[in-house]
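J.: structure, please.
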Amino acid sequence: MEALPPTRARLRRSSTRPIALAMASAAAILIVPAQAGAQTLSDDYWINVMAFAPKIDTNVRVQTKTDTIVGTDIDFENDLAMDNDEVLPSVSIGSRFGRVIVNADFYKLKRSGSTSLRRDITFDDVTYPASAQIGSSFDSDIYRLTVGYAFVQNETLELGAGLGLHATRFDLSIEGEASVGSAGASTEVRRRDFLAPLPTLGAFATYRLSDRIEANARLDYLSLKIGDYDGKLVNAQASVSYQIVRHVSLGVAYRYVDYRVGVDKDLWSGRVRYKLHGPAFILQGSF
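T.: Below you'll find the predicted structure:
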């Protein structure tokens, strides 16, 4: 075969070098796992499964408007012997659309108690006397949806603010021997359930500490009256996660929720103060 002139040979090598480099780069991407940073900055979709272990403080007052007896401020942990610590399952999903970040959370608390009362309590229109044997329940489903905008967004930092909706379904009941008005003692059951949807303003930040470690913080706040409800909410969380393999991370967090809501219906009114605070352990997947 006739040898190429030196000039033509150099031209051929020069023209094929970019193609070879591109093929080598593509192969490296396919073969070698990328050392991506924490997924909430590197990936656009994520899901968290969380075990939340809070201390719980619950105070409730319910009063019937047709009754002149003032409802008692009942401490469900001290008065009704409910556990003040639980492990709550929680699920959070999120997605990023450019600078717009959408998050949704759900967690549930279901408790019951049984005790002999140490003082008289009035719930709704029923007075349960001291020494009465009382059964009680307190269930809540907490939903959170936020839509945020990142004012700062780069490879190591995301910082923004958003609007949200924090909705809680409360279902609470008390059962035991009690008196209603001038009637004699009998077993009485009183139950109230309602859904309190409250809008929130919030801020969030994510910071990449290293290729595998990421810190995250968020805060939601509300103090507002809407329709039958007036409420104050502080919902805060700070977390640190470590990427164990690509797209999978483990993390720890501290979560604080202080939720106060007043209810003013046609026939009854009430107030609930609901505080949860404690550590959480997180398994996160992303893509």
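
J.: does the residue positioned nearest the centre of the chain have any beta-bridge partners, and if so which?
T.: Taking Cα atoms, centre = their mean as the criterion, residue 105 is the residue nearest the geometric centre of the chain, at 4.9 Å. Taking DSSP bridges as the rule, residue 105 bridges to residue 92, residue 144.

J.: over to residue 75?
T.: Checking residue 75 by DSSP bridges, which sets the bridge assignment, gives partners residue 59.

J.: quick revisit: isn't the residue nearest to the centre of the chain up against residue 142?
T.: Yes - taking Cβ atoms under 8 Å as the definition, residue 105 is a contact partner of residue 142 at 7.5 Å. Glycine gets a C-beta too; all of them are placed from N, C-alpha and C.

J.: now the strands: where do they sit in the stretch 101-250 of the chain?
T.: Applying DSSP state E, counting those that start in this stretch to the stretch 101-250 of the chain gives strands spanning 121-123, 126-128, 133-153, 157-178, 186-208, 213-226, 229-245, 248-264.

J.: output the contacting helices and strands for the last one.
T.: Right, the one you point to is strand 248-264. Contacts of strand 248-264 with other secondary structure elements, assessed using 3 or more Cβ pairs under 8 Å, 6 or more residues apart in numbering; DSSP states H and E, are made with strand 157-178, strand 186-208, strand 229-245, strand 268-286.

J.: which one of those strands lies closest to residue 51?
T.: Evaluated with Cβ to Cβ, the helices and strands packed on strand 248-264 place strand 268-286 nearest to residue 51, the distance being 4.9 Å.

J.: pLDDT on that closest one, on average?
T.: Across strand 268-286, pLDDT averages out at 93.

J.: could you give the angle of that strand to strand 213-226?
T.: Computed by axes from the mean of the first three to the mean of the last three Cα atoms, to 10 degrees, the angle separating strand 268-286 from strand 213-226 equals 160 degrees.
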